[in-house]
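K.L.:
Pasting the sequence and the predicted model now:
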Amino acid sequence: MQFSYFTHIWAKPDMTPNQRYEQLWRELELCDEVNFDHAFCVEHHFRPDESLMSSPSLFSVGAGVKTKRLRIGPMGYIPALYNPLRLVEEIAIIDQMLGGRMELGLVPGVNPNYFKPFGESHQARKSPTMEFVNYLRAAFSKHQPFSYSGTNFETESAELSVLPVQQPHPPLWMQSRDPETLEFCAREGINTGYFLVFPHSKAGPIYRKYITDWEKAGWTNKPNIAHSTVIYVDETDEKAMSVARDRAARAYAGFLPPRKEGESFDELLKRYTAGYIERGDLQSIQTRLNLFNADYIFENDIMFVGSPDTVARKIKAASKVGLFNTLMGEFNFDDLPEEDLMRSIRLFGEEVIPMLRDFEPF
């Protein structure tokens, strides 16, 4: 298995953005030391209470300066929000600055609120995301200058000053559970994955087909299938649960509307659900509400919290069912104190990773 440090770069109580970024670099330096494979960040916009990362390019370069061996990248860029020529220029430069350590995630963008301020269409986001793969391959051709004519993008005779170290391009990822997108990813040799709101038992059959399609396409290497979730490791199960149980249930509070001044988390959750209850429509948000229910989270192993042995055992069992061979762990969540955060990262790297490194779920 492979292991990634995944971060939304949540805003933290009583921390300025600068202080939060400085904490992030300390996290990644430790991940580099204890043999994580990757470090990935989101691209989120316009929610300062939810994420402080709207520029994956800056994350990638900053993380590269602070580390020596981690492979680094976005998970992922939202191509529909970029000029494609500008984006391929940045990707090439980042891969050169990282010495060929870049991993390249692309996503359509799930939140409509990201698109309107940019003057872009959320409904039309999927087509440019898929087409950017072809655009990128044309742009990184050794035959320069390159031209491209497609449905969404048009470039005539542009010569890139810099090409990426990795040829033909950095490894591609596109997180999805959409059957059509997964068929595209398998055909194009693109790694994939899914987020914690999707149950392992439902993921297994979907990604089994992706693996079959990957093999039919003639790829000789195994694809990477990632699963993203919250992780906390401590010396004992009891200590881990006392530190992280309630915090884990608040980890994705950024999915909710911004909290009003003086409003508690429980009050925010009640306000969020009130409209659905009034309409008799609670079923449509039940899965999301379960992310804030600690009993549900740990009865269903949605997040991995415990001692090194417990966390390793739970990851192994889940990966067999959910068919993921890359684990993207969100270690820094809610108001977790840095002392606990760094102990969790170290225990995961020094004790959990060695237990699972040689394990392959498929």
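P.N.:
In hand now; what should we look at? In this text, all values refer to a predicted model and were calculated from it rather than measured experimentally. Residues are numbered from 1 along each chain as shown.
K.L.:
Which parts of the chain are helices?
P.N.:
Shown for the chain, the helices assigned by DSSP state H span residues 17-33, 56-66, 84-97, 126-139, 179-188, 200-216, 237-248, 265-279, 286-290, 294-299, 308-322, 338-347, 353-356.
K.L.:
how close does Asp32 sit to Leu347?
P.N.:
Distance, Asp32 to Leu347, by Cβ to Cβ, to the nearest Å: 16 Å. Quick note: C-beta positions are derived from backbone N, CA and C, even for glycine.
K.L.:
ok, Val110 - contacts?
P.N.:
Residues near Val110 by Cβ atoms under 8 Å, 6 or more residues apart in numbering: none.
K.L.:
now swap in Tyr210 and tell me
P.N.:
So Tyr210 contacts 182-183, 185-186, 192, 223, 225 (Cβ under 8 Å, 6+ apart).
K.L.:
ok, now Tyr252?
P.N.:
291-292.
K.L.:
Just want to check the distance between it and Ser201.
P.N.:
Using Cβ to Cβ, Tyr252 is found at 21 Å from Ser201.
K.L.:
sorry, back to before: of all the helices of the chain, which one comes closest to Gln166?
P.N.:
Minimum separation from Gln166 across the helices of the chain (Cβ to Cβ) falls at helix 84-97, 5.9 Å.
K.L.:
what's the angle between that closest one and helix 126-139?
P.N.:
60 degrees (axes from the mean of the first three to the mean of the last three Cα atoms, to 10 degrees).
K.L.:
now for helix 84-97, which elements pack on it?
P.N.:
helix 56-66, helix 126-139, strand 154-158 (3 or more Cβ pairs under 8 Å, 6 or more residues apart in numbering; DSSP states H and E).
K.L.:
Count the neighbours of Gly100 for me.
P.N.:
Neighbour count for Gly100, taken as other Cβ atoms under 10 Å: 12.
K.L.:
Help me confirm that Tyr276 comes into contact with Leu282.
P.N.:
Yes: with contacts counted by Cβ atoms under 8 Å, Tyr276 reaches Leu282, the gap being 5.2 Å.
K.L.:
phi, psi of Lys222?
P.N.:
Dihedral angles of Lys222 (phi, psi; degrees, to the nearest 10) stand at phi -80, psi 140.
K.L.:
residues touching it, list them.
P.N.:
Contacts for Lys222 were tallied using Cβ under 8 Å, 6+ apart; they are 325, 360, 362.
K.L.:
Buried members of the residues you listed into ChimeraX, please.
P.N.:
Filtering the contacts of Lys222 down to the buried ones (16 or more other Cβ atoms under 10 Å) takes a single ChimeraX command:
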select :325
